[in-house]
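Asker: Pasting the sequence and the predicted model now:
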Amino acid sequence: MRAARRPAACLAFALSLALSACGGDDGDGSDDALAVSNVAAALDSGSELSRLVAPLQASADLGGLTGDAARARKIQNAIQSFRALVTNPLCVRIATDTLTFLDVSFEACRIGLLFTLEGSLHAGVAIELAGALPSALVVTVTIPSLELTGPLRSRRLAGTVELRQAIPPAGAPVELTGDLRFVNDAGAELSLSLGAEWTVANDCVTFTGGAQLSGDLPGASSSIALSGEQIQSCRNQCPTSGSVELAYGQGKLLAWTYTGASTVTVIGPRGKRVEVPLACGGS
């Protein structure tokens, strides 16, 4: 598994990582299957929240701009992107000084076909310069509270993250580090430290990274470690590629790959295999 700088998720993935069970296995693979199904559902809804923070990444037209001009263009682009992201732009309220910060609140906003978003975030915007030209966009995001509600579960999130991307982006991925706090729909309080990178193109998200989850975890688990490689998820589809490793409990390790199918074959301890249906796409 990878750790630290490229450790399996984006902000979206993080918000959705509310595992409801990862205790000791009863021998028939039921706990393994439950752990995997929760993570898989998290990945699917995570792709929606990747689109949510995508407006804060660098825009292609920032190349050649300096200082305040680059920041003003970045914030204006982000405002337009946030409003275009949701079904009803009137559900998004925005405050900004046009140069250094952006406050965004969501009031019963529909994202995609299945999710509703409530809450707010504050983004501080800075431009790193190489000589007289901008070299990177750095956005520090403070999240007082965000709640994502879907057909199967809900999650509440607070914390801070940092997004970084080269200017001009030229296909470079967004890099993310963060420390987040969750409350899942079962009332469990969880903490997550993560790092990730991802790209958004043609309505698909591809991300790589990892995360360490701790807090009110069930069973004997004191923490859960997650690592993912090149996971691609397109809107309203099951993930089409990528691999995941999930470690929990007393040294348990699960691994699976995505193929676009509605199920995954999970390889567990001692080569045990469990077929797990995915709650993804339009299901």
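Answerer: Looks like it came in fine.

Asker: May I ask which helix or strand encompasses the nearest residue to Ser241 once chain neighbours are set aside?
Answerer: The shortest distance from Ser241 to any non-neighbouring residue, by Cβ to Cβ, 6 or more residues apart in numbering, is to Gln232 (4.9 Å). (Glycine included, C-beta is placed from N, CA and C.) Under the criterion of DSSP states H and E, Gln232 resides in strand 223-234.

Asker: Okay, now the sheet partners of the next helix or strand after that strand, with direction.
Answerer: As assigned by DSSP H and E, the chain's next helix or strand after strand 223-234 is strand 241-248. Paired neighbours of strand 241-248 in the sheet (DSSP bridges): strand 223-234 (antiparallel), strand 252-257 (antiparallel).

Asker: can you pull out the strands in the chain?
Answerer: Assigned strands in the chain, in chain order: 92-96, 101-111, 115-130, 133-149, 154-166, 174-184, 189-201, 204-215, 223-234, 241-248, 252-257, 263-267, 273-277 (criterion: DSSP state E).

Asker: Dump those strands to TSV, plus mean neighbour count and mean pLDDT.
Answerer: As requested, the strands of the chain are exported to TSV (neighbours: other Cβ atoms under 10 Å; pLDDT from 0 to 100):
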stretch	mean neighbour count	mean pLDDT
strand 92-96	14	96
strand 101-111	18	93
strand 115-130	17	90
strand 133-149	18	88
strand 154-166	19	85
strand 174-184	20	80
strand 189-201	20	80
strand 204-215	22	80
strand 223-234	21	84
strand 241-248	20	87
strand 252-257	19	88
strand 263-267	18	89
strand 273-277	15	85
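
Asker: so Gly124 sits right up against Thr140, yeah?
Answerer: Yes - the criterion here is Cβ atoms under 8 Å, and Gly124 meets it with Thr140 at 4.6 Å.

Asker: follow-up on the earlier one: can you lay out the strands paired with strand 241-248 as a markdown table showing distance to Ser241?
Answerer: Listed next are the strands paired with strand 241-248 as a markdown table, based on distance: least, Cβ to Cβ, whole Å:
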| stretch | distance to Ser241 |
| --- | --- |
| strand 223-234 | 5 |
| strand 252-257 | 8 |
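
Asker: so which of those strands gets nearest Thr100?
Answerer: Set against Thr100 and scored by Cβ to Cβ, the strands paired with strand 241-248 come closest in strand 223-234, at 32.9 Å.

Asker: so how far is the closest one off the chain centroid?
Answerer: Mean-position distance between strand 223-234 and its chain equals 10 Å (Cα atoms, centre = their mean, to the nearest Å).

Asker: same deal with stretch 76-84?
Answerer: 19 Å.

Asker: when you give positions from now on, start the count at 37
Answerer: Yep, numbering from 37; the last one is stretch 112-120 now.

Asker: which residues are in contact with it?
Answerer: Under the contact criterion Cβ atoms under 8 Å, 6 or more residues apart in numbering, stretch 112-120 has outside partners 90-92, 95, 97, 125, 128, 130, 132, 134, 138, 140, 159.

Asker: repeat that for 7 Å
Answerer: By Cβ atoms under 7 Å, 6 or more residues apart in numbering, the surrounding residues in contact with stretch 112-120 are 91-92, 95, 125, 128, 130, 138, 140.

Asker: just the residues you listed now: which is nearest Pro170?
Answerer: Here the nearest of the contacts of stretch 112-120 to Pro170, counting by Cβ to Cβ, is Ser95; it sits at 11.1 Å.

Asker: And for the closest one, nearest residue in space, chain neighbours not counted?
Answerer: Spatial nearest neighbour of Ser95, chain neighbours left out: Asn113 (4.6 Å); criterion: Cβ to Cβ, 6+ apart.

Asker: Spit out the contact partners of the residue nearest to Ser277.
Answerer: Contacts of Gln268 (Cβ under 7 Å, 6+ apart): 240, 242, 275-278.

Asker: Now with 8 Å, please.
Answerer: Counting by Cβ under 8 Å, 6+ apart, Gln268 touches 240-242, 275-278, 294.

Asker: now Glu154
Answerer: Glu154 sits next to 142-145, 182-183, 185 when contact means Cβ under 8 Å, 6+ apart.

Asker: closest to Trp234 among those?
Answerer: Once Cβ to Cβ is applied, the member of the contacts of Glu154 that ends up nearest Trp234 is Leu182, at 18.0 Å.

Asker: Can you tell me how far the closest residue to that closest one other than its chain neighbours is from Leu212?
Answerer: Spatially, and ignoring its direct neighbours in sequence, Leu182 is nearest to Gly155 (3.7 Å; Cβ to Cβ, 6+ apart). The gap separating Gly155 from Leu212 is 18 Å, by Cβ to Cβ, to the nearest Å.
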